[in-house]
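Participant: mind looking at a prediction? Sequence and model below.
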Amino acid sequence: MSSYQSINPANNQLLKSWPSHDAAAVSQALETADRLFHSSWSKGDIAPRLQVLARLADLIESRVDELAAIASKEMGKLIGQSRGEVKICAQIARYYADHAAEILKPQPYPSELGEAWVEYHPIGVLVAVEPWNFPYYQLMRVLAPNLALGNPVLAKHANIVPHCADVFAKLVIEAGAPEGAWTNLFISSDQVAELIADDRVQGVALTGSERAGSAVAQQAGKYLKKSTLELGGNDVFVVLDDADIDEAVRQGAQARLSNCGQVCTAAKRFILHEKIASAFIDKFSAALKAARLGDPLDEQTTLGPLSSKDARDRLAKQVDEAVQNGATLLIGGKPVEGVGCYFQPTILTDIRPDNPAYYEEFFGPVAQIYVVGDDNAAVALANDSHYGLGGSVWTQDIARGRRLASAIETGMVFINSQSDTSAELPFGGVKRSGYGRELSDLGIKEFANQKLVVVAG
Ligand SMILES: NC(=O)C1=CN([C@@H]2O[C@H](COP(=O)(O)OP(=O)(O)OC[C@H]3O[C@@H](n4cnc5c(N)ncnc54)[C@H](OP(=O)(O)O)[C@@H]3O)[C@@H](O)[C@H]2O)C=CC1
Ligand SMILES: CCCCCC(=O)O
């Protein structure tokens, strides 16, 4: 049974232990959620559900500082970045409050068979399995569209962010949602598997590692339940010879160091055109070295700790092995001595395809640098990856940027911007980065019965 403990990664202090939910509590939660699904709340008029989302957005906006501090203390995100995450959660709630009715209205399908349309109905109780790196955003990405649609959700959050999980669930109730709409469960992987197997559960959404995604998707497949997966990424940051180098360096450093590099769509593989590589590397190294490590609650800090001791130790081992297999360590490369799960900003170069690091995601402030001679080489290197989540291309020739964006095999590509997210834009990837999309009109239909109705002509 995974234990749920709030531990501050900046000082390794235990903040609070949280009791796990036993079988009786899980059974009660599932029964309540399923009863709600069969009620007028889920199957009736959408308006009351959208009013809850609007109130939730207002509530979150009124408590940004409080919610941000809880996240920063529990998983080490810089306080300013935690505020940003809380604000985008309000944006997502408000987006679906304002747009779900339009997105979900019946869509006509002109047909020779007669008058035809597609209606969008909820499918039932879902399970959400979410990670610690955006402890509120990951939950809101599932809650908002499915509360609008009418799918009740049983949520299993990462075991290192129980306070975020608990306060989020309380906010949903405070916004007026009935019991069962969103239930936080402190449960184990085995209990998740049992829920997925239950006939009352119709789908599962997971964000996390390939390991977790594979286990959950396997169970979902075994019981023929719909699933969506948003997993790791090894996103490229392609800087072409005509790029604005200073802007690319500024955003590249942000894209690698934000959330201490623990972002699935963080820039991880920096692919540099040979004409600008030396200039970029000099400026980029200086930008990473200038990071101010410290307490995430201190506004002056620009690089906080990793989320846990395990995460820090895993990263240190990865970097050591990369160097043992031939990579050159340009800067950093070691845990920071002392209290807390800190790691030096790091740059690795000379990573050859026979080095395991070539295909690995570094979930921390570790940048890989590659140098290429032309656009085709950049695309070939970008696509030589098991992952396919996001990426960015930097060039002053937009037509050139669009060509590369179309050729890079990922779910999202940004031109002259680091990867980002917004409620109205779909989020997701391909290959081992998972499948399905969250947010936007695509995300709300992932767990909808897209029902065809035809009136014979
Ligand atoms: N795509 C993304 O945004 C993220 C990707 N990751 C990737 O995951 C890697 C490791 O991070 P980590 O924290 O270990 O992520 P995990 O994949 O272990 O955790 C993500 C969620 O999945 C749960 N989980 C893990 N295994 C199972 C299982 N067999 N059945 C059901 N649920 C399960 C976890 O629960 P519990 O916490 O109790 O183990 C957690 O709630 C990172 O290096 C990164 O590559 C991590 C975070 C976010
Ligand atoms: C702001 C970017 C959000 C990325 C969410 C993730 O790491 O899954």
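Facilitator: Thanks, I have the structure now. Numbering: from 1, shown residues only. Ligands and ions are numbered 1, 2, ... in the order given.
Participant: in space, what's closest to Q418 - neighbours in sequence excluded?
Facilitator: Once its chain neighbours are removed from consideration, Q418 has its nearest residue in A255; the separation is 3.8 Å (CB to CB, 6 or more residues apart in numbering). Just so you know, the C-beta spots here come from the backbone N, C-alpha and C atoms, and that holds for glycine as well.
Participant: ok, L143 - contacts?
Facilitator: A93, A128, V153, A155, F168, V172, W182 (CB atoms under 8 Å, 6 or more residues apart in numbering).
Participant: list the contacts of the first one.
Facilitator: With contact taken as CB under 8 Å, 6+ apart, A93 is in contact with L53, A54, L56, A57, I60, M140, L143, A144.
Participant: will you turn the residues you listed into a markdown table that also has distance to ligand 2, secondary structure and pLDDT?
Facilitator: Putting the contacts of A93 into a markdown table (distance: CB to the nearest ligand atom, whole Å; DSSP: H, G, I helix; E, B strand; the rest coil; pLDDT from 0 to 100) gives the following:
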| residue | distance to ligand 2 | secondary structure | pLDDT |
| --- | --- | --- | --- |
| L53 | 20 | helix | 99 |
| A54 | 23 | helix | 99 |
| L56 | 19 | helix | 99 |
| A57 | 18 | helix | 99 |
| I60 | 16 | helix | 98 |
| M140 | 11 | helix | 99 |
| L143 | 15 | helix | 98 |
| A144 | 15 | helix | 99 |
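Participant: ramachandran angles for A407?
Facilitator: A407 has phi and psi values of phi -90, psi -20 when expressed as degrees, to the nearest 10.
Participant: quick check: which element contains the closest residue in space to it that isn't next to it in sequence?
Facilitator: For A407, the nearest residue in space outside its immediate sequence neighbours is V379; the separation is 4.6 Å by CB to CB, 6+ apart. Assigned by DSSP states H and E, V379 belongs to helix 375-383.
Participant: that helix: what's the following helix or strand?
Facilitator: With DSSP H and E, the next secondary element past helix 375-383 is strand 387-388.
Participant: show me what whichever helix or strand comes after that next one is packed against.
Facilitator: Toward the C-terminus, strand 387-388 is succeeded by strand 391-394 as the next helix or strand (DSSP H and E). Based on contacts counted as 3 or more CB pairs under 8 Å, 6 or more residues apart in numbering; DSSP states H and E, the elements that strand 391-394 packs against are strand 236-239, helix 245-257, helix 398-407, strand 414-415.
Participant: so which of these gets nearest V372?
Facilitator: Of all the helices and strands packed on strand 391-394, the one in closest proximity to V372, counting by CB to CB, is strand 236-239 (8.6 Å).
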